[in-house]
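Participant: generate coordinates for the sequence data below:
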Amino acid sequence: MNNIALKDLLYKIADDQLIIGHRNSEWTGIGPILEEDIAFSSMAQDKIGHSYAFFNVLHELGESDPDTTAFLRNAEQFHNCQFVELPIGEYDFSLVRHFLFDHSEMIRFEMLTNSSFEPISLIARKLKGEVKYHIMHANVWIKKLGTATNESIERLQKSLDEAIPFALGIFEESKYEEELANEKIFPGEIALKERWIEQISDVLKQTELQLPDLSLTEARTGGRYGRHTEYLQPLLDEMSEVIKSDPTAEW
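Facilitator: Sure thing, here's the model as predicted:
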């Protein structure tokens, strides 16, 4: 088994979960309604827990312990897609990101349940049950606000148009796509993207929202190999402030 390819896959999954988890946690205390304040906080906690599970597997493969890996790297060492590092913006943008990202996450975990690398398949089987509820939450609010008032529809459509190029960056292909597929670890990003398009399209058809023409949309890529927006490093600095105050302490 190609450990380099395996680690590459694990890092991007773990980093996506860690960063979107911290971004979603920023809604704690400022949600538009109490229900959404609690929902985003809960989902954020889930995603940070998901990242920990994958960082543990990386540790077992010889990488640093989860805390060191999560909090003591610089932006160029992270493998997350650029989509998850963008600021939370207004609620409509965070909702659209939640919808687009969590659908990709659910499909990825479903695909990984059949991975030939057992530690990944076991984690995926466990976590997809949690992500199912994230998807249900996203779908309910997209359908509700995507069929409500002209203002809600227009705001969601604007956020969807802005988000799609970054969302396509989720599926940036690995340097090791062929190895991962041949060893039956993961079928690949193209297969994932095709299922994602079908799934989100089915939901959006139940609203007044229009999916932008993906064939004319340039994906915002680079995040998988250390090319990030200006927003990631300040977020990492904030996330690591406590551990950097005394890296040897046991918290």
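
Participant: was I right to think Asn24 contacts Ala44?
Facilitator: Yes: using CB atoms under 8 Å, Asn24 is in contact with Ala44, at 3.8 Å. C-betas here are computed from N, CA, C, even on glycine.

Participant: and these two? Which one has more around it.
Facilitator: Shown here are Asn24 and Ala44; by other CB atoms under 10 Å, Asn24 has more neighbours (26 against 19).

Participant: residue contacts, the more buried one?
Facilitator: By CB atoms under 8 Å, 6 or more residues apart in numbering, the contact list for Asn24 reads 40-41, 43-44, 47, 88, 94, 98.

Participant: buried subset of these, written for ChimeraX?
Facilitator: Remark: buried members of those, expressed as a ChimeraX selection using 16 or more other CB atoms under 10 Å:
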select :40,41,43,44,47,94,98
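
Participant: same list (the contacts of Asn24) but as CSV, adding distance to Asn150.
Facilitator: Shown next, in CSV, are the contacts of Asn24 (distance: CB to CB, whole Å):
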residue, distance to Asn150
Phe40, 25
Ser41, 30
Met43, 28
Ala44, 31
Lys47, 33
Ile88, 24
Ser94, 21
His98, 22
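
Participant: tell me the one of the contacts of Asn24 nearest Glu154?
Facilitator: Set against Glu154, the nearest of the contacts of Asn24 by CB to CB is Ser94 (16.8 Å).

Participant: from the chain's centre, how far out does the helix or strand hosting that closest one sit?
Facilitator: Following DSSP states H and E, one finds Ser94 within helix 91-112. Distance, stretch centre to chain centre, for helix 91-112: 7 Å (CA atoms, centre = their mean, to the nearest Å).

Participant: check the burial of the residue nearest to Gln77 when sequence neighbours are not counted by counting its neighbours.
Facilitator: Nearest residue to Gln77 in three dimensions, chain neighbours excluded: Gly226, at 6.6 Å (CB to CB, 6 or more residues apart in numbering). Other residues near Gly226 come to 13 when the count uses other CB under 10 Å.

Participant: next one: phi and psi at Gly226?
Facilitator: phi 90, psi 0 (degrees, to the nearest 10).

Participant: please report the distance of it from Ile4.
Facilitator: According to CB to CB, to the nearest Å, Gly226 stands 16 Å off from Ile4.

Participant: and what of Glu36?
Facilitator: For Glu36, the distance to Ile4 equals 41 Å [CB to CB].

Participant: more crowded one of those two?
Facilitator: Glu36 (17 against 10).

Participant: isn't that one right next to Ile88, touching?
Facilitator: No: assessed by CB under 8 Å, Glu36 is found out of contact with Ile88, at 12.0 Å.

Participant: the residue lying closest to His98 once chain neighbours are set aside: what's it in contact with?
Facilitator: Leaving aside its sequence neighbours, His98 sits nearest to Ala138 (CB to CB, 6+ apart; 5.0 Å). For Ala138, the contact set (CB under 8 Å, 6+ apart) comprises 95, 98-99, 102-103.

Participant: list the buried residues of the helix or strand that contains Ala138.
Facilitator: Counting by DSSP H and E, the secondary-structure element that holds Ala138 is helix 118-145. Buried residues in helix 118-145, defined by neighbour count with 16+ other CB under 10 Å: 119-121, 123-124, 127-128, 130-131, 134-135, 137-139, 141-142, 145.

Participant: can you pull the phi/psi pair for Glu172?
Facilitator: The phi/psi pair for Glu172 (degrees, to the nearest 10) is phi -60, psi 130.

Participant: what is the burial count for it?
Facilitator: Glu172 has 18 nearby residues by other CB under 10 Å.

Participant: give me the distance between it and Gly146.
Facilitator: Glu172 is 27 Å from Gly146, by CB to CB.

Participant: quick one on the thing from earlier: for the contacts of Ala138, give me a markdown table that also has pLDDT.
Facilitator: As requested, the contacts of Ala138 are arranged in a markdown table below (pLDDT from 0 to 100):
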| residue | pLDDT |
| --- | --- |
| Leu95 | 96 |
| His98 | 97 |
| Phe99 | 98 |
| Asp102 | 97 |
| His103 | 98 |
